[in-house]
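> A structural model of the following input is requested.
(chains A, B, C and D)
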Protein chains: 2
Amino acid sequence: MQADNPTRAEKLATAIADGILDGTLKPGLRLDELGLARQHGVSRTPVREALRQLMQSGLIDMRPRKGAVVSKATPLQVESLFVAMAEMEATCARLAAMSMTPIERRRLQARHDAMTALAAAGDPDAYSDANVAFHSAIYAGAHNAPIAEFALGLRRRVGPFRRAQFQVEGRLLRSNQEHDAVVRAILSGDAAGAHAAMLHHVSLVEDAFETFAATNAA
Amino acid sequence: MQADNPTRAEKLATAIADGILDGTLKPGLRLDELGLARQHGVSRTPVREALRQLMQSGLIDMRPRKGAVVSKATPLQVESLFVAMAEMEATCARLAAMSMTPIERRRLQARHDAMTALAAAGDPDAYSDANVAFHSAIYAGAHNAPIAEFALGLRRRVGPFRRAQFQVEGRLLRSNQEHDAVVRAILSGDAAGAHAAMLHHVSLVEDAFETFAATNAA
DNA sequence: TGGGCATCGATTGTATGCAATGTCGGCAGG
DNA sequence: CCTGCCGACATTGCATACAATCGATGCCCA
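Presented below is the predicted three-dimensional model:
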């Protein structure tokens, strides 16, 4: 029981969050404190603290004496999440265009070039990983911790709803083209252009989700 | 000990948050769990839960075994907060221009007209209150819960740094003029214009803070 | 005299126990 | 048969007790 610098409550928080985000813990499921405690081999105390943390991040809902349930996102709420993420991405791009250092700009360009190659090679998995890093780089380039954290949290929360986005035929190349517009605007310091290009890019992701959802609703 | 529907942890969280925001608990101050518990007449458990909640909202910093301290905002971090708030206000204005219902638009217009009267009358206190409501109305008009909540949280956090903004001579009238531009853009559905106008407006608040800070740093 | 180290105190992390409250099932009355 | 009340149960909120870790103080030795 040594070398657990991350506290039990922290580990529980991430474990439960992972469970929610990867679909193991389904929306609406009641999170019983004692059950979770036994399941993870700890007492209720760290469970309670983990739950409180998750509540703040919006992954679960807790009402004073009614326990905790996995947030059940209505389609409207999911829509809000996508809109919010699009806006935050666009905002980060705007700020990045104004704030990125020359080194960050060069690295962004390098990332983008690498992704262009991946898109041409047609490797969805590698592209997807690189895509996450690409967007994270823009968050970081905004040089604004509060916004970057919020954007990261949003991305985590919308994650479950856009799993297969790069499976769609031709999405890779289009995504890369859109990235190109974003990168050019950022590198040239065009704040408004970066905002618009990123908004366009992420809104298309949202459209892809809606198409996907509509298809699966049949 | 009845009728405490808000749980003790919740009440503690708000109490401590108020203490931080109104300056009673100064940045850098160590928050001793046992001390807080005794001070509020409860045990450590609800204190811990309250602290965890405050950590998530950014008001305090906690490190695994090193306790909690009131977040000490460096000037750079304060700057980040102001930038973030400006961006979120602008984003809300953008979304509001696209999403507000006719009723909301009429109410916004009414609010603005009332504030114009207050500005003309030169009543800083009443204007300040109305100003909060005005901006909140725009948050709500964005019709996006995640963004609105984030914006509200940011406004709370920057609050302590912009107390006397309307004390500056002539600020009232200028503020009202800027609001006018924002309102016109929103009412006409000009998303980009609303974004720009709000960004301009809030950035001026930031400038006022910097002037204030620079003056007081002497 | 200065540095390394052991031990102590303080404080946090975790576990468990108790009291209070919400929930579910059964029962009486209409 | 349905509706409303009542009591037992389950679960949460809180308090207290125990364990583990960090920091500091003082001592010993070079």
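> Spell out, range by range, the helices that occur in chain A.
Secondary structure of chain A by DSSP state H: the helices cover A:8-21, A:33-40, A:44-56, A:75-99, A:102-121, A:124-141, A:145-158, A:171-187, A:191-217.
> Compare those and report which one is nearest to A:Pro64.
With CB to CB as the criterion, A:Pro64 lies closest to helix A:44-56 of the helices of chain A, at 11.4 Å. All C-beta spots, glycine's among them, are computed from the backbone N, C-alpha and C.
> For the closest one, buried residues please.
Of all the residues in helix A:44-56, those buried under the rule 16 or more other CB atoms under 10 Å in any protein chain shown are A:46-56.
> can you put these in JSON lines and add pLDDT and distance to B:Gly122?
Below are the buried residues of helix A:44-56 laid out as JSON lines (pLDDT from 0 to 100; distance: CB to CB, whole Å):
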{"residue": "A:Pro46", "pLDDT": "93", "distance to B:Gly122": "56"}
{"residue": "A:Val47", "pLDDT": "94", "distance to B:Gly122": "56"}
{"residue": "A:Arg48", "pLDDT": "92", "distance to B:Gly122": "52"}
{"residue": "A:Glu49", "pLDDT": "92", "distance to B:Gly122": "50"}
{"residue": "A:Ala50", "pLDDT": "93", "distance to B:Gly122": "52"}
{"residue": "A:Leu51", "pLDDT": "93", "distance to B:Gly122": "50"}
{"residue": "A:Arg52", "pLDDT": "92", "distance to B:Gly122": "46"}
{"residue": "A:Gln53", "pLDDT": "91", "distance to B:Gly122": "47"}
{"residue": "A:Leu54", "pLDDT": "92", "distance to B:Gly122": "48"}
{"residue": "A:Met55", "pLDDT": "92", "distance to B:Gly122": "44"}
{"residue": "A:Gln56", "pLDDT": "89", "distance to B:Gly122": "41"}
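> coming back round to it: lowest-confidence stretch among the helices of chain A?
Ranked by mean pLDDT, those end with helix A:191-217 at the bottom, a mean of 75.
> Excluding chain neighbours, what is closest to the residue nearest to the spatial centre of chain A?
Taking CA atoms, centre = their mean, the centroid of chain A lies closest to A:Arg155, which sits 1.6 Å from it. Once flanking residues are discounted, A:Arg155 sits nearest to A:Met85: 6.2 Å by CB to CB, 6 or more residues apart in numbering or on different chains.
> And the residue of chain A at minimum distance from DNA strand C, how far from B:Pro46?
Nearest residue of chain A to DNA strand C, counting by CB to the nearest atom of the strand: A:Arg8, 2.7 Å away. The gap separating A:Arg8 from B:Pro46 is 19 Å, by CB to CB, to the nearest Å.
> just A:Gln56 next, same as before
Counting by CB to CB, the gap from A:Gln56 to B:Pro46 is 16 Å.
> do A:Thr116 as well
On the measure of CB to CB, A:Thr116 and B:Pro46 end up 54 Å apart.
> Show me chain A divided up by domain.
Here the domain parsing of chain A from automatic domain parsing is A:8-70, A:75-217.
> I'd like to know how many residues surround A:Phe161.
Number of residues near A:Phe161 (other CB atoms under 10 Å in any protein chain shown) recorded here: 15.
> just checking, it touches A:Val78?
Yes: at 5.8 Å, A:Phe161 counts as touching A:Val78 under the criterion of CB atoms under 8 Å.
> The residue nearest to the centre of chain A contacts A:Ala86, correct?
No: counting by CB under 8 Å, A:Ala86 is not a contact partner of A:Arg155; they are 11.0 Å apart.
> Next, the contact list for A:Asp22, please.
A:Pro160 (CB atoms under 8 Å, 6 or more residues apart in numbering or on different chains).
> Let me fix that, I meant to ask about A:Leu31.
With CB under 8 Å, 6+ apart, A:Leu31 has these contacts: A:16, A:25, A:51, A:60, A:67-70.
> that older thread, and the helices of chain A as a markdown table, adding distance to B:Thr101?
Putting those into a markdown table (distance: least, CB to CB, whole Å) gives the following:
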| stretch | distance to B:Thr101 |
| --- | --- |
| helix A:8-21 | 33 |
| helix A:33-40 | 41 |
| helix A:44-56 | 30 |
| helix A:75-99 | 15 |
| helix A:102-121 | 40 |
| helix A:124-141 | 33 |
| helix A:145-158 | 25 |
| helix A:171-187 | 32 |
| helix A:191-217 | 22 |
